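Visitor: Please work out how this folds:
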Amino acid sequence: PSQYQGGVGYDSSTDPRRERSRQHLVEFLDRVRPTSVVEVGPGSGYLTRTIVEHPAVKRYVAVDINGAFLKYLSPWLNRVSKPGFSYELLTGTIGDLHEHSFDAAVLMSVVHHIPDRVSLFSELGTRLRRPGHILAIDPTHYLLRLHRLLRKISERGYLSHHFAEARAYSRDRPDALSTAFA
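Guide: Have a look, this model is predicted:
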């Protein structure tokens, strides 16, 4: 966790690449003023500090399938000295939560990792008090990479050139393809 995304975590100063997400989060928290927040997939907690230090937040719950991240966050959350503040860390998924009484849910750069998004938001809906609020911000960089890849392979001669290279390589090393796919 201390090396995740170049070491950006709970204890990091503002990272310009993530400042826009942090600003959206601050605006969300200021508008909604939730007393209880569940953060799905906090990772190394870069934005967790923003959530737990917000004056309205009294209860914070983090849910992550990677327990190492939660273990990393625990000492930082132990140091939060805010009257009436409590927190819980749960290794698992949102479906593993027993509590059904949050004012808000925060998912920062998480949704693209979850295959069944319909179930995710359905589960969140059952765990939020009315009117519940969800802030989900996800990157689009993977779409841009896919777009670049499609443009690249659609260039005239690109695929035929690479297929010819692969055939020549496999002729020189007959076991290469079977090893690659073993």
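
Visitor: distance of the residue nearest to Ile94 when sequence neighbours are not counted from Val63?
Guide: Nearest non-adjacent residue to Ile94, counting by Cβ to Cβ, 6 or more residues apart in numbering: Glu123, 4.6 Å away. All C-beta atoms are positioned from the backbone trio N, CA, C, and that covers glycine. Going from Glu123 to Val63 by Cβ to Cβ, to the nearest Å gives 10 Å.

Visitor: Comparing these two, which residue is more hemmed in?
Guide: Between Glu123 and Val63, counted using other Cβ atoms under 10 Å, the more crowded position is Val63 (23 against 18).

Visitor: So the more buried one: helix, strand or coil?
Guide: Counting by DSSP: H, G, I helix; E, B strand; the rest coil, the backbone at Val63 sits in strand.

Visitor: I'd guessed it sits against Val38; true?
Guide: Yes - contact criterion Cβ atoms under 8 Å: Val63 and Val38 qualify, at 6.4 Å.

Visitor: So for these two, which residues contact both of them?
Guide: By Cβ atoms under 8 Å, 6 or more residues apart in numbering, Val63 and Val38 have these common neighbours: 94, 97.

Visitor: need the longest strand for this protein.
Guide: strand 128-137 (DSSP state E).

Visitor: Pairing partners for that one, with directions?
Guide: strand 102-108 (parallel) (DSSP bridges).

Visitor: Contacts only, for the most centrally placed residue in the chain.
Guide: By Cα atoms, centre = their mean, the mean C-alpha position of the chain lies nearest to Val110, the distance being 2.9 Å. Counting by Cβ under 8 Å, 6+ apart, Val110 touches 40-41, 136, 138.

Visitor: Could I have the buried ones of these as PyMOL selection syntax?
Guide: Listed next is the PyMOL selection for buried residues among the contacts of Val110, using 16 or more other Cβ atoms under 10 Å:
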select buried, resi 40+41+136
